[in-house]
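Just to be clear, the model below is a prediction. Sequence and coordinates:
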Amino acid sequence: MDILQIENVTKRYSAHTALNDVSLNVPRGSVYGLLGPNGAGKTTLIRVINRITLPDAGRVLFDGKPITDEDIYQIGYLPEERGLYKKMKVGEQALFFARLKGLSRRDALQRLKKWFIRLGIESWWDKKVEDLSKGMAQKVQFITTVLHEPKLLIFDEPFSGFDPINANILKQEILRLRDEGATVIFSTHNMSSVEEICDHITLINKSRNILSGSVDEVRRRFGENIFEVVYDGSQDSFASVMSPVADLLSTVEVADTPYLASRIRLKESATIRESIALANDNVELRSWSEVIPSMNDIFIRAVEGKF
């Protein structure tokens, strides 16, 4: 069962339509990427899910029922605009947010201690927030977002401000939270992060949902029938024998080996099986693999309407 269903949601601000008939389903226990260029409508959709603003049309279902204000306690939201009080100490501020989420002081302190140790920030407890770097402050706010163990976590650009090491730590924590039963939505421009941790994605552009599906399914959907073939033999001979079924795109030498690696695009009438058989009769094949486009390539093509 999907934990979150967005059904035909529209949101307008005066003459501007921020969301136009957007629908999507977020599977329970998944990491769901919400993608799109600046101004596409991602943040508006997140605000609708959190009931910060209400849709003009359509509805949001949480656990199969129309979402209510009470359900917001089951959602942890880390906005792109961070909201820590600079003059407060880190520990007292984390405790303050935990109490707002309904935790007792005792439970909050126990959970905070566990998380501060996990992220290696025990020494920050008595620091003032104004003394923290952007990345340090973001670690603290990440903890306050997940501390009450909500069913649904929403992160808006969670890796901004982090160096590669700390970004990787955060990715591992997101995957661990998913494996422990949480569902995660995160909005990002970082396509490499999408490939690393997302199970499903939706791409919003110009206020509409233009692409949804599992990451593997989407990448294969955008495949262009291109294959990389590694072989021992003559490039000219390979190109000649493959010409009835494929176009040769490029060829390079495989370092420290006698092999060549050619990229080919199969013609619409050709099958993979007959193409492999044809190649195998003329060169010594070492491997044959499909070239799957990256999420970055797909993002650009989809936004530009090239699909």
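Good, I have the coordinates.

Helix or strand: which one has S193?
Taking DSSP states H and E as the definition, one finds S193 inside helix 191-197.

tell me what that helix is packed against?
Contact analysis of helix 191-197 by 3 or more C-beta pairs under 8 Å, 6 or more residues apart in numbering; DSSP states H and E lists strand 31-35, helix 164-179, helix 295-303 as its packing neighbours. Quick note: C-beta positions are derived from backbone N, CA and C, even for glycine.

Just name the most buried of those.
With neighbours taken as mean count of other C-beta atoms under 10 Å, the helices and strands packed on helix 191-197 reach their highest mean count in strand 31-35, at a mean of 25.

For the closest residue to I67 other than its chain neighbours, which three-state class applies?
Residue nearest to I67 in three dimensions, not counting chain neighbours: V60, with 4.6 Å by C-beta to C-beta, 6 or more residues apart in numbering. Of the three states, V60 takes strand under DSSP: H, G, I helix; E, B strand; the rest coil.

circling back: K128: which of the helices and strands packed on helix 191-197 is closest?
helix 164-179 (20.5 Å; C-beta to C-beta).

packing partners for that closest one?
Under the contact definition 3+ C-beta pairs under 8 Å, 6+ apart, helix 164-179 sits against strand 31-35, helix 134-146, strand 152-156, strand 183-187, helix 191-197.

tell me the mean pLDDT for the last one?
Read that as helix 191-197. Across helix 191-197, pLDDT averages out at 86.

Now the lowest-mean-pLDDT helix or strand in the chain: buried residues?
The helix or strand of the chain with the poorest confidence is helix 191-197; it has a mean of 86 (mean pLDDT, DSSP states H and E). Judged by neighbour count (16 or more other C-beta atoms under 10 Å), helix 191-197 contains these buried residues: 191, 193-194, 197.

sorry, back to before: just the CA atoms of the helix holding S193, as PDB, please.
Written as PDB, here are the backbone C-alpha positions of helix 191-197 (Å, rounded to 0.1, in the frame of the first residue of the first chain):
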ATOM      1  CA  MET A 191      21.300  13.500 -10.100                       C
ATOM      2  CA  SER A 192      24.100  11.300  -8.900                       C
ATOM      3  CA  SER A 193      22.400  11.200  -5.500                       C
ATOM      4  CA  VAL A 194      19.200  10.100  -7.200                       C
ATOM      5  CA  GLU A 195      20.900   7.100  -8.800                       C
ATOM      6  CA  GLU A 196      22.600   6.200  -5.500                       C
ATOM      7  CA  ILE A 197      19.700   6.200  -3.200                       C
END
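
now it, how far from the centre of its chain.
Averaging C-alpha positions (C-alpha atoms, centre = their mean, to the nearest Å) puts helix 191-197 6 Å from its chain's average.

likewise stretch 295-307?
Averaging C-alpha coordinates over stretch 295-307 and over its chain gives two centres that are 15 Å apart (C-alpha atoms, centre = their mean).

do the same with stretch 180-199
In terms of C-alpha atoms, centre = their mean, the gap separating the centre of stretch 180-199 from the centre of its chain is 3 Å.

Quick check: which ranges of the stretch 1-150 of the chain have low pLDDT?
Along the stretch 1-150 of the chain, the parts satisfying pLDDT under 70 run over 82.

Contacts for the helix holding S193 next, please.
Residues outside helix 191-197 that contact it (C-beta atoms under 8 Å, 6 or more residues apart in numbering) are 31, 33, 35, 159, 167, 171, 174-175, 188, 201, 215, 294-296, 299.

The same query, at a cut-off of 10 Å, please.
Contacts of helix 191-197 with the rest of the structure, by C-beta atoms under 10 Å, 6 or more residues apart in numbering, involve 31, 33-35, 158-159, 167-168, 170-172, 174-175, 178, 184, 186, 188, 190, 198, 201, 215, 218-219, 294-300.

ok, N50 - how many residues close by?
N50: 17 surrounding residues under other C-beta atoms under 10 Å.

Tell me if I'm right that it and Y73 touch.
No. Taking C-beta atoms under 10 Å as the definition, N50 is not a contact partner of Y73, at 11.4 Å.

Mark out where each domain of this protein begins and ends.
Here the domain parsing of the chain from automatic domain parsing is 2-220, 224-291.
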